[in-house]
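# build me a model:
(chains A and B)
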Amino acid sequence: MFKLFPGGVHPKENKGYTENKAIKQARLPLKVTIPMIQHTGAPCEPIVKVGEPVKKGQAIGRAEKFITSPVHASISGAVKEIDVTPHPTAGKALSVVIESDGKDEWSEHAKVRDSAKALSKDEIIDIVQASGIVGMGGAAFPTHVKLKPPKKVDTLILNGAECEPYLTCDNRLMIEKPQDILKGLHLIMKAVEVNKAIIAIESNKPEAAKAMENALDTFDGGASGKKNISIKVLPARYPQGSEKQIIYALLKRKVPPKALPFEVGCVVQNVGTALAVSEAVYHRRPLIERCITLSGDCVQEPQNLSVRIGTSVRDLLDECGGLKGDPVKVIFGGPMMGIAQYTLDIPVIKGMSGILFLSDREARIFDESPCIRCGKCVNACPMSLLPLMYAKFVKKDKWDKIEKYNIDDCMECGACSYVCPSKIPIIQYIKVGKSELFRQKKGL
Amino acid sequence: MNDTDKQFTISASPHIFDRTSTPRMMYGVALALLPAAIAGAVFFGFRAVILMAVCMLSCALSEALFQKARKNKVSVSDGSALLTGLLLAMVIPPDLPVWMAVLASVFAIGIGKGIFGGLGSNIFNPALLGRAFLSAAFPADMTVYRMPFTGCDIDAVTSATPLGLMKFGGTTTGIWDLFTGNVAGSIGETSALLLLIGGIFILVMRYADWRIPAGFVGTACFFGGLLHLVSPERYPGVLFHLFSGGLMIGALFMATDPVTSPVTRLGRWVFGIGCGLLVIVIRSWGGQPEGVMYSILIMNGLTPVINLIAKPKRYGT
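Next comes the predicted model:
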């Protein structure tokens, strides 16, 4: 099996549900629930009051910290309530609920910018920050922070790997909006001051690779002239879309433990993020809308939808014809790293790349049997760890041992649990182990 | 259907799993042994069939009894005890008294596996431990072999194994007979060809890691070949080593037991190479004609140490 990084697995892709379906504009929601925390970092404080009228694109929450990202109203209307509501990644979180006035009016700032040539590096970063842009691949790390690497970097990687099964929104964006993605890429390159960029796409998305190539051929250079941009098609393998793995696959550089990609001269940005940057700079639109994949064997009509942040997943499901069969799991994100949901009353957030509705046939939970030390998890681990040891030691409360086995290097990609023939929920044990170590370090 | 009332399952990621399971691996390996087992039945007749059935049954029964006694969940259906029974039967002489086979099965499961805590916790390969018990307790019965297609009137037709002939008589056996299995030996070990076919199956299906047989066979060939080059009269050639005795079944089906071999790739190379070295050492200079069983058991014992030493290098360092 041809592969470009150590470890990894190749689960059934299941992208066929939606990969050929054009992105559909979702209906304008009557109500949006916008959580104050949609990113890695400090949560926002609401800056609007109940009853206050808001316009689309108006900031409604912010925090005075470096690692945070403001949130904006995604429809025009009035603030109905500010309350704690179900949240897809945090359980529950403070949110601003806006009821639509049906007009969908932009706030006054939203005017189209014809050229970004005059913008300096800092101005671009300021726009990105003010527009509330975060990593759209799932981790939702504030993008402006990644645009200010503390060290000189030489390569920008535009991540179009989309290695999670089922998800196809990045695929569709590359097929449908390659020019805008390239414009965003140029802005990002200018912001981080690099002249070389690689667009990485997995081999199961030939149409997307072709579209990006065509767009690159006709691209006029945009904001800062023709640059050294190449497209690299990678053999499909999970978790290639992870930063450390994609850097190794493309450049054979290994990011050291606990370090960030800039340490090896790289910045990695998702294609959806590049699109958001382009929208923010050229159309002065903050991040209030994104593409998500609604898929799985329990959705009547799986779709790629362009949706406003804060739209209820229940409404989106209606738009896909509702449920069919017997879904046992609703998953935020992909099936390998996604988070199982207990309710459909969760809002779309910036880091939501998909929502899956899976039957027992596709997402069965198996009984755990004893570890037979087959080493499949060791071979699958992209971080060269010994995942079986975490399960073993966590069961025995041997916390010092898991630390010695570098549990902090684990990014919880799930490859170990996926291959385990004994169906041991290794990631579950790893999460328990990490939180126990965290608790001990904090002296709680 | 009203989705408001629907209860969804919550669990940690991932939410999808590979189809390989422990029972699938166990039955898969047993299936891979089938060609050689059938050959054993054809070569050595009804006695071989009885021994295979008896060993599998007594292993499964012992497993159930030990699990009941320890108040654990009875998991005979995972196939691991049946596989142990089949493997044990394949490495014993075809004319071993049935009661000895039963005793060895109980020993293999009870002492080999049960007292360590059951599946996944044992240090030594249970089937080989059962065989080692027989060799120690009934050395005479464990050295009575006969040629294929001969009746079980043992007094009339006993014959030494090719390794025995080599060790004690200095005579070599035809490679073609060794390869196809037309030689005296244990029930399922004689046909290198059929074991190879099954072995390739388990390697392709990833039921076993190719590094162990590669290290094992490679080292045995290299080391055995070296000795043959030095003194062709005293030491047999590479192909003789390869196809005689239990090397094939040992390298492909015994050493690859996941539970009793190291978990890392490097560890598996070390394990395989260690087995290969020990086999040639025992065969060439030991008191016994065959050394596959002891070489694997010794490396089984070293596995915890190998696991500690042969850790993968930390990513990015």
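
# leaving out the residues flanking it, which one is nearest to A:Arg27?
A:Glu319 (6.2 Å; CB to CB, 6 or more residues apart in numbering or on different chains). Any C-beta I mention is one placed from the backbone N, CA and C, and that applies to glycine too.

# same check on A:Asp408?
Using CB to CB, 6+ apart, the closest residue to A:Asp408 is A:Lys258 (6.8 Å).

# any idea what sits nearest A:Glu108, other than its immediate chain neighbours?
A:Lys55 (7.7 Å).

# before we move on, what about A:Met174?
A:Ala208 (3.7 Å).

# how close does the one you found get to chain B?
Applying CB to the nearest CB, to the nearest Å, the value for A:Ala208 to chain B is 23 Å.

# could you verify my assumption that that residue touches A:Glu176?
No. A:Ala208 is not in contact with A:Glu176 according to CB atoms under 8 Å; the separation is 9.5 Å.

# higher neighbour count, those two?
Higher neighbour count among A:Ala208 and A:Glu176: A:Ala208, with 27 against 18, using other CB atoms under 10 Å in any protein chain shown.

# up against chain A, what does the stretch 51-200 of chain B have?
B:Ser75, B:Asp78, B:Gly118, B:Leu119, B:Gly120, B:Ser121 (CB under 8 Å from any CB of the partner chain).

# can you select the buried ones among these for me in PyMOL?
In PyMOL, this line selects whichever of these come out buried by 16 or more other CB atoms under 10 Å in any protein chain shown:
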select buried, chain B and resi 75+78+118+119+120
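
# from the residues of the stretch 51-200 of chain B next to chain A, which is closest to chain A?
Closest approach between these and chain A, by CB to the nearest CB: B:Gly120, at 3.8 Å.

# in three-state terms, how would that closest one be classified?
coil (DSSP: H, G, I helix; E, B strand; the rest coil).

# roughly how far apart are it and A:Cys374?
Distance of B:Gly120 to A:Cys374, computed by CB to CB, to the nearest Å: 10 Å.

# which parts of the stretch 201-350 of chain A sit against chain B?
A:244, A:254-257, A:259, A:314, A:317, A:322-323, A:326-331, A:335-344.

# those in strands, which ones?
Those of those mapping onto strands are A:Pro327, A:Val328, A:Lys329, A:Val330, A:Ile331, A:Ile339, A:Ala340, A:Gln341, per DSSP state E.

# got the contact list for B:Gln288?
By CB atoms under 8 Å, 6 or more residues apart in numbering or on different chains, the contact set of B:Gln288 is B:Lys167, B:Ile282, B:Tyr294.

# what helix or strand does it sit in?
Using DSSP states H and E, B:Gln288 maps to neither a helix nor a strand.

# columns neighbour count, secondary structure and pLDDT on top of the contacts of B:Gln288, output as a markdown table?
Putting the contacts of B:Gln288 into a markdown table (neighbours: other CB atoms under 10 Å in any protein chain shown; DSSP: H, G, I helix; E, B strand; the rest coil; pLDDT from 0 to 100) gives the following:
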| residue | neighbour count | secondary structure | pLDDT |
| --- | --- | --- | --- |
| B:Lys167 | 18 | helix | 81 |
| B:Ile282 | 19 | helix | 95 |
| B:Tyr294 | 19 | helix | 96 |
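
# so A:Glu213: helix, strand or coil?
The three-state label given to A:Glu213 by three-state DSSP is helix.

# and it, what does it touch?
Neighbour list for A:Glu213: A:Ile231 [criterion: CB under 8 Å, 6+ apart].

# where does the stretch 51-200 of chain B dip in pLDDT?
The stretch 51-200 of chain B contains residues with pLDDT under 70 at B:151-157.

# quick one, helices of it?
For the stretch 51-200 of chain B, the helices defined by DSSP state H, counting those that start in this stretch cover B:80-90, B:98-110, B:126-137, B:154-157, B:162-164, B:175-180, B:192-204.

# so which of the ones you listed is the most packed in?
helix B:80-90 (a mean of 28; mean count of other CB atoms under 10 Å in any protein chain shown).

# now it against helix B:98-110, angle please.
Relative orientation of helix B:80-90 versus helix B:98-110 (axes from the mean of the first three to the mean of the last three CA atoms, to 10 degrees): 140 degrees.

# which SS state does the nearest residue to A:Ala161 once chain neighbours are set aside fall under?
Leaving out its chain neighbours, the residue that sits closest to A:Ala161 by CB to CB, 6+ apart is A:Gly241, at 3.7 Å. At A:Gly241, secondary structure determined by three-state DSSP is coil.

# can you count the residues close to A:Gly241?
Neighbours of A:Gly241 (other CB under 10 Å): 27.

# any idea how far chain B is from it?
Distance from A:Gly241 to chain B, by CB to the nearest CB: 15 Å.

# go on, A:Val112?
Counting by CB to the nearest CB, the gap from A:Val112 to chain B is 41 Å.

# wait, isn't the residue nearest to A:Ala161 in contact with A:Pro165?
No. The criterion here is CB under 8 Å, and A:Gly241 misses it with A:Pro165 at 11.7 Å.

# quote the end-to-end distance of stretch A:411-429.
Chord length of stretch A:411-429, first to last residue, is 13 Å (CA to CA, to the nearest Å).

# check stretch B:8-16 too.
Start-to-end, stretch B:8-16 (CA to CA) is 16 Å.

# and it, does that touch chain A?
Yes. Shown here: stretch B:8-16 in contact with chain A (CB under 8 Å from any CB) through B:Phe8, B:Thr9, B:Ile10, B:Ser11, B:Ala12, B:Ser13, B:Pro14, B:His15, B:Ile16.

# are any of these buried, and if so which?
Looks like the residues of stretch B:8-16 next to chain A have B:Phe8, B:Thr9, B:Ala12, B:Ser13, B:Pro14, B:His15, B:Ile16 buried, using 16+ other CB under 10 Å.

# show me where pLDDT drops low in the stretch 1-150 of chain A?
In the stretch 1-150 of chain A (pLDDT under 70), the answer is A:1, A:109-111.

# for the residue in it positioned nearest to chain B, what are its contacts?
Proximity of the stretch 1-150 of chain A to chain B (CB to the nearest CB) peaks at A:Pro11, 5.8 Å away. For A:Pro11, the residues meeting the contact criterion (CB under 8 Å, 6+ apart) are A:Pro165, A:Tyr238, A:Pro335, A:Met336, A:Tyr418, B:Ile16, B:Asp18.

# and for the closest residue to B:Tyr145 other than its chain neighbours, the neighbour number?
Nearest non-adjacent residue to B:Tyr145, counting by CB to CB, 6+ apart: B:Ala184, 4.0 Å away. Applying other CB under 10 Å, we find 25 residues neighbouring B:Ala184.

# ok, A:Pro235 next?
With other CB under 10 Å as criterion, A:Pro235 counts 14.

# and it, how far from chain B?
As defined by CB to the nearest CB, A:Pro235 lies at a distance of 18 Å from chain B.

# so that residue is in contact with A:Leu4, correct?
Yes. A:Pro235 is in contact with A:Leu4 according to CB under 8 Å; the separation is 6.6 Å.

# check contacts around residue 192.
Answering for chain A, as no chain was given. A:Leu147, A:Lys148, A:Pro149, A:Val153, A:Leu156, A:Val267.

# hmm, no, I was thinking of chain B.
Neighbour list for B:Ala192: B:Leu178, B:Phe179, B:Thr180, B:Gly181, B:Leu242, B:Phe243, B:Leu247, B:Met248 [criterion: CB under 8 Å, 6+ apart].
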